[in-house]
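A.B. asks: Need a 3D model of the following:
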Amino acid sequence: MNVEKVIIYQIFTRLFGNRNVTRKVDGTVAENGCGKLADFTPKVLKDIAQMGVSHVWYTGVIRHATQTDYSKFGIPRQHAAVVKGKAGSPYAITDYYDIDPDLAVDVKKRMQEFEELVERTHAAGLKVVIDFVPNHVARQYHSICKPRGVKDLGAGDNQQHGFDPQNNFYYCPGERFTPYFDLYQGEKEPYHEEPAKATGNDHFDNAPSKTDWYETVKLNYGVDYYAGGVGHFDPVPDTWYKMTEILLFWAAKGIDAFRCDMAEMVPAEFWRFATRAVRKKYPDIKFIGEVYNPSDYRRYLLNGFDWLYDKVGMYDTMRSVICHHAPTTAISGAWQQTDDIRDHMLYFLENHDEQRIASDFFAGSGKKGVPAMIASVLMQKNPFMLYAGEEYGERGMDKEGFSGQDGRTTIFDYWSIDTLCRAAAKKLTAEEKALYDIHKKALQMARKEKTIGEGAFFDLMYVNGHLHRQYSFLRKAGSEVLLVVVNFDELPVMTTVNIPGHAFDYLMMKEKNAVATDLLSGQKVRLSLKRDGGIPVSLEPLGAVVLKFKD
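C.D. replies: Numbering: from 1, shown residues only. Coordinates of the predicted model:
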């Protein structure tokens with residue numbers, strides 16, 4: 001059986017199914033609407049699967065801080081001073097054991113609706129990914145849905161100690177929370193917190209600024225930051241047990257993978273402890289780590305992660321190439337940095353943190369991302385992630401409210417995504433349809449072709465010094481070979497791609513004449529395969545060829 005490549009489709013759940021196009025700046029849920037778990041019908045999920053997707057990452061499903069009042073359902077109300085935006089950040093969790101009520105048709109049945117979504121997703125042949133946010137929680141964290149016998153985070157803390165290995169939070173004893181902004185934010189009473197807790201982005205005093213993650217508090221995994229980061233892991237810190245139980249709770253719901261937010265801000269020793277405990281019961285579960293420091297990659301992989309974000313390597317490089325800031329040879333340098341762990345690196349061109357390719361802050365057009373997408377999807381066996389709307393060239397140029405016009409799709413506001421709304425209404429432009437089609441072809445190819453899922457990779461750039469805006473490589477599995485050439489230039493290109501003798505030796509290819517099929521266009525071409533010979537290639541502007549032939 002072929003090893004199929006993992007393709008993750010990130011969906012910002014609150015926005016995906018929302019068809020309300022009011023889009024009032026800083027609007028309420030009543031004004032701007034909100035997507036629901038129920039929007040993921042069997043038809044919608046089937047369409048996602050047919051695009052070539054294997055995993056759906058439902059972003060923001062666990063209950064988080066919001067300015068919407070759900071107190072009539074017994075859900076504690078959050079103070080506006082410590083919530084970013086009307087909808088709130090999905091990374092400011094208020095109850096690890098609950099589902100965000102915004103996403104439910106019937107708030108009282110929100111967990112049941114989520115469980116039904118997991119069933120529908122699996123029935124469509126897709127795997128489920130959700131966020132695990134381990135580094136920080138909302139300032140007003142309080143679980144009302146925790147299982148019987150579970151103690152709430154912070155419930156047993158000694159608040160007179162700034163640091164205690166068995167505390168769940170860090171404190172500023174005797175000091176009130178006094179950030180550099182108004183603590184009323186339109187409320188009758190100011191937000192009050194005393195003693196102040198440390199802020200999520202490792203801000204260990206009582207006065208975070210507007211640029212800090214002021215709406216969150218840092219969780220304590222036994223690291224004494226007041227003493228320079230000394231670890232106290234024996235006995236096992238209480239937070240380790242509590243957070244592992246949370247992972248087990250969601251794993252029992254049928255979750256297939258956790259995308260672990262800011263994983264590198266939590267000690268690797270905890271991940272070893274937690275992933276082992278979870279895999280003891282659920283051996284097939286995957287852990288995806290948001291780790292940005294390349295010097296930490298191998299340490300976090302050794303301590304339980306399956307895949308890590310390749311942000312500062314491949315993402316940053318692809319962005320530079322797209323924007324004419326680097327030649328395509330830089331792509332070779334990027335994969336070489338992680339060659340020993342290549343199967344564990346998650347490639348992507350967009351996610352909720354990054355600017356949209358089509359935004360004015362990036363490339364200004366989704367089409368300019370096509371060569372980078374094809375190369376990222378086809379060059380290795382490792383996973384690739386697509387962000388909902390990317391396949392249509394979503395621009396992310398709205399000024400939604402708390403999130404300004406920054407080229408990103410908001411994670412803080414009630415909103416709807418233009419391209420997703422028009423795609424659902426079958427009102428896409430010809431260019432958007434073409435962009436979707438090329439994404440679908442590339443993703444389906446990655447899933448179906450044995451050469452991509454399990455084949456060897458050979459970078460051709462070292463013998464093609466004339467290619468400054470093109471990138472080329474070979475993939476081979478068994479007798480099947482792919483020659484991939486992508487064009488980052490906005491002009492058509494006629495060129496020759498050299499195939500060195502070493503490629504024939506490494507891939508065990510024969511010199512021969514072959515008939516190749518371009519998997520993107522369906523056209524057939526004749527190839528003369530000779531050691532140290534050249535293959536003539538014709539490329540459309542921002543296009544690609546994927547020539548498949550038998551060895």
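
A.B. asks: what about Ala442, distance to Ile7?
C.D. replies: 10 Å (Cβ to Cβ, to the nearest Å). All C-beta atoms are positioned from the backbone trio N, CA, C, and that covers glycine.

A.B. asks: Give the residues shared as contacts by those two.
C.D. replies: Gly52, Val377 (Cβ atoms under 8 Å, 6 or more residues apart in numbering).

A.B. asks: who's more crowded, these two?
C.D. replies: When Ala442 and Ile7 are compared for neighbours, Ala442 comes out ahead with 27 against 20, by other Cβ atoms under 10 Å.

A.B. asks: Now for Asp310, how many residues are close by?
C.D. replies: Asp310: 30 surrounding residues under other Cβ under 10 Å.

A.B. asks: quick one, what contacts it?
C.D. replies: For Asp310, the contacting residues are Ala334, Thr338, Met345, Leu346, Tyr347, Phe348, by Cβ under 8 Å, 6+ apart.

A.B. asks: Tell me which residue is most central in the chain.
C.D. replies: Asn351 (5.2 Å; Cα atoms, centre = their mean).

A.B. asks: three-state assignment of that residue?
C.D. replies: Look at Asn351: counting by DSSP: H, G, I helix; E, B strand; the rest coil, its state is coil.

A.B. asks: tell me the contacts of it?
C.D. replies: Listed by Cβ under 8 Å, 6+ apart, the contact set of Asn351 reads Gln10, Met385, Tyr387.

A.B. asks: do that again at 10 Å, thanks
C.D. replies: Contact partners of Asn351, counting by Cβ atoms under 10 Å, 6 or more residues apart in numbering, are 8, 10, 12, 57, 59, 259, 290, 309, 311, 315, 385-387, 390, 408-409.

A.B. asks: Ser143 now?
C.D. replies: Under the criterion of Cβ under 10 Å, 6+ apart, the contact list for Ser143 reads 63, 76, 93-98, 137, 150-153, 155, 246.

A.B. asks: Return the subset of the residues you listed lying in strands.
C.D. replies: Secondary structure from DSSP state E places Arg63, Ile93, Thr94, Asp95, Tyr96, Tyr97, Asp98, Val137 of the contacts of Ser143 in strands.

A.B. asks: pLDDT on the longest helix along the chain, on average?
C.D. replies: Determined from DSSP state H, the single longest helix within the chain is helix 430-448. Averaging pLDDT along helix 430-448 yields 98.

A.B. asks: For that helix, what is the distance to the chain centroid?
C.D. replies: Remark: helix 430-448 is offset 20 Å from the chain centroid, using Cα atoms, centre = their mean, to the nearest Å.

A.B. asks: Going by neighbour count, which residues in stretch 158-178 are buried?
C.D. replies: Judged by neighbour count (16 or more other Cβ atoms under 10 Å), stretch 158-178 contains these buried residues: 159, 162-172, 177.

A.B. asks: Distance from the chain centre to it, please.
C.D. replies: 33 Å.

A.B. asks: His142 contacts Asp95, correct?
C.D. replies: Yes. Taking Cβ atoms under 10 Å as the definition, His142 is a contact partner of Asp95 at 7.0 Å.

A.B. asks: Neighbour count for the two, which is higher?
C.D. replies: The neighbour comparison of His142 against Asp95 (other Cβ under 10 Å) goes to Asp95, with 22 against 16.

A.B. asks: give the contact list for that one.
C.D. replies: Listed by Cβ under 10 Å, 6+ apart, the contact set of Asp95 reads 62-64, 75-76, 137-138, 141-146, 152-153.

A.B. asks: Over to Asn293?
C.D. replies: Glu264, Arg299, Tyr300, Lys311, Val312.

A.B. asks: Lys86 now?
C.D. replies: Counting by Cβ under 10 Å, 6+ apart, Lys86 touches 26-29, 31-32, 66-68, 80, 400-402, 412-415.

A.B. asks: got it, and His324?
C.D. replies: Here His324 is in contact with Ala363, Arg469, Phe488, Asp489, Glu490 (criterion: Cβ under 10 Å, 6+ apart).

A.B. asks: And the third one, how far from Ala65?
C.D. replies: For Phe488, the distance to Ala65 under the criterion Cβ to Cβ works out to 42 Å.

A.B. asks: For Val3, report the pLDDT, please.
C.D. replies: pLDDT, Val3: 78.

A.B. asks: how about the helices of the protein, start to end?
C.D. replies: 13-16, 29-32, 42-50, 110-123, 238-251, 268-281, 297-302, 316-322, 329-337, 370-378, 418-424, 430-448, 450-454, 501-507.

A.B. asks: out of these, which comes closest to Val463?
C.D. replies: helix 501-507 (8.5 Å; Cβ to Cβ).

A.B. asks: what's the offset of that closest one from the middle of its chain?
C.D. replies: In this view, helix 501-507 has its centroid 36 Å away from the chain centroid, taken as Cα atoms, centre = their mean.

A.B. asks: Greatest separation within the contacts of Asn293: which pair is it?
C.D. replies: Arg299 and Lys311, at 16.7 Å, using Cβ to Cβ across these.

A.B. asks: which of the two has more neighbours?
C.D. replies: Comparing Arg299 with Lys311 by other Cβ under 10 Å, the one with more neighbours is Lys311, at 20 against 15.

A.B. asks: so who does the more buried one touch?
C.D. replies: Glu290, Val291, Tyr292, Asn293, Pro294, Met345, Leu346, Tyr347, Phe348, Asn351, Asp353, Glu354.
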